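mind folding the following:
(one chain, ligands or ions: 2)
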Amino acid sequence: MSKVVSDNVIELENHRGADTRRPDVSIVIPVYNEQAILSASLSDLREKLQDADFTYEIIVAENGSTDETVRIAREFAARHPEIKVFSVGEPNYGRALKQGILQARGDFVICDEIDLCDTDFYRAAMQKMRDDGYELVVGSKRLSGSHDRRPLYRRAATQVLNGMLRVAVGFRGTDTHGLKAFRRDALLDVVESCVVDKDMFASEFVVRTHRADRRWIEIPIDLVEKRPPSVHLFRRVPNVLKNMVRLTGIIRFGRDPLPRK
Ligand SMILES: Nc1nc2c(ncn2[C@@H]2O[C@H](COP(=O)(O)OP(=O)(O)O)[C@@H](O)[C@H]2O)c(=O)[nH]1
Ligand SMILES: [Mg+2]
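Residues are numbered from 1 along each chain as shown. Ligands and ions are numbered 1, 2, ... in the order given. You can find the predicted model right below:
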């Protein structure tokens, strides 16, 4: 089992394995009940990264799966030292992503999803960070030049979320979920300052980066998912709304209107 060192720090299962050099890039992938595609996706990703001009680790950030995900991930990590796995607690996308980022050792962090594994984004984002000095690169589904192949109701949901974020916390971009890449040193303080979890952590991170006037940019992506989402959109709505209220209170008024007990 992974060892929980403190609330935000988890010791990864094979962090102390053979591969002790710090990689250029840490790829953080939250996973939940992904037994159907996990092994094939990780194999495919390793293959696509064979000619990358950076070294990397892949951090599989699991929580709450009830299927074979954890066993498959551990077996994979046992065979490949650049793959790390941790698995702690209840299903919570934002918490897994944040913990994965806090464990990352690379100069750059790329946040991906197991149904995407978009290495074209990695290359484009690395160029923006290394050559043009950007600190955060968001892969946006909503820019001109992007292709969003999801069903209409999910594209509409992204627009509704963006609209709420614009009104509530002054969001200035076109997307907060999904693919992101950033310079770890430059944005670790922003990650640490985030307070909401689940689906809204990713939005809070992007919004706080904008508000802190860091160097950010959005680039278009071609979004092709390997399968529909594991948790239905409508089941996520109550938490998104609750965390939107919390985020608004904290960012605009410096106070959590729904403090946790
Ligand atoms: N650790 C963790 N990962 C999750 C959870 N829910 C979704 N994920 C992962 O987050 C990524 C995106 O999830 P997906 O179901 O495709 O939802 P989408 O972002 O709306 O497309 C995938 O890699 C999922 O396995 C969760 O509760 N915990
Ligand atoms: Mg998806």
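
quick check: bridge partners of the residue lying closest to L12 once chain neighbours are set aside?
Excluding the flanking residues, the one nearest L12 by Cβ to Cβ, 6 or more residues apart in numbering is K84, at 4.4 Å. In this view, the C-beta of every residue, glycine as well, is placed from N, C-alpha and C. Beta-bridge pairing for K84 (DSSP bridges): I59.

where in this protein is pLDDT low?
1-11, 14-19, 261 (pLDDT under 70).

of all of the stretch 151-261 of the chain, which residue lies closest to ligand 2?
Nearest to ligand 2, among the residues of the stretch 151-261 of the chain, is E225, at 4.6 Å (Cβ to the ion).

quick one: that residue is in a strand?
No - looking at E225 with DSSP: H, G, I helix; E, B strand; the rest coil, it is coil, so not inside a strand.

quick check: the residue nearest to L12 touching A104?
No - judged on Cβ atoms under 8 Å, K84 makes no contact with A104 at a distance of 9.5 Å.

which one's more surrounded, the two?
K84 (26 against 23; other Cβ atoms under 10 Å).

any idea how far ligand 2 is from that one?
22 Å (Cβ to the ion, to the nearest Å).

buried stuff in the helix ranked longest in the chain?
Ordering each helix of the chain by length in residues (DSSP state H) puts helix 233-253 first. Across helix 233-253, burial judged by 16 or more other Cβ atoms under 10 Å covers 236, 239-240, 243-244, 246-251.

what's the answer for stretch 57-76, then?
Buried, per 16+ other Cβ under 10 Å, within stretch 57-76: 57-65, 69-70, 72-74, 76.

one step back: got the CA positions of the longest helix of the chain in PDB?
The C-alpha trace of helix 233-253 is given here as PDB (Å, rounded to 0.1, in the frame of the first residue of the first chain):
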ATOM      1  CA  LEU A 233     -22.000  14.300 -16.000                       C
ATOM      2  CA  PHE A 234     -25.300  14.700 -14.000                       C
ATOM      3  CA  ARG A 235     -23.900  12.900 -11.000                       C
ATOM      4  CA  ARG A 236     -21.100  15.500 -10.800                       C
ATOM      5  CA  VAL A 237     -23.300  18.600 -10.900                       C
ATOM      6  CA  PRO A 238     -24.100  18.900  -7.100                       C
ATOM      7  CA  ASN A 239     -20.400  18.800  -6.200                       C
ATOM      8  CA  VAL A 240     -19.500  21.300  -9.000                       C
ATOM      9  CA  LEU A 241     -22.100  23.700  -7.700                       C
ATOM     10  CA  LYS A 242     -21.100  23.300  -4.100                       C
ATOM     11  CA  ASN A 243     -17.400  23.900  -4.900                       C
ATOM     12  CA  MET A 244     -18.300  26.800  -7.200                       C
ATOM     13  CA  VAL A 245     -19.900  28.500  -4.200                       C
ATOM     14  CA  ARG A 246     -16.900  27.800  -2.000                       C
ATOM     15  CA  LEU A 247     -14.500  29.000  -4.600                       C
ATOM     16  CA  THR A 248     -16.400  32.200  -5.200                       C
ATOM     17  CA  GLY A 249     -16.500  33.000  -1.500                       C
ATOM     18  CA  ILE A 250     -12.800  32.200  -1.000                       C
ATOM     19  CA  ILE A 251     -11.500  34.000  -4.000                       C
ATOM     20  CA  ARG A 252     -13.800  37.100  -4.000                       C
ATOM     21  CA  PHE A 253     -14.500  37.500  -0.300                       C
END
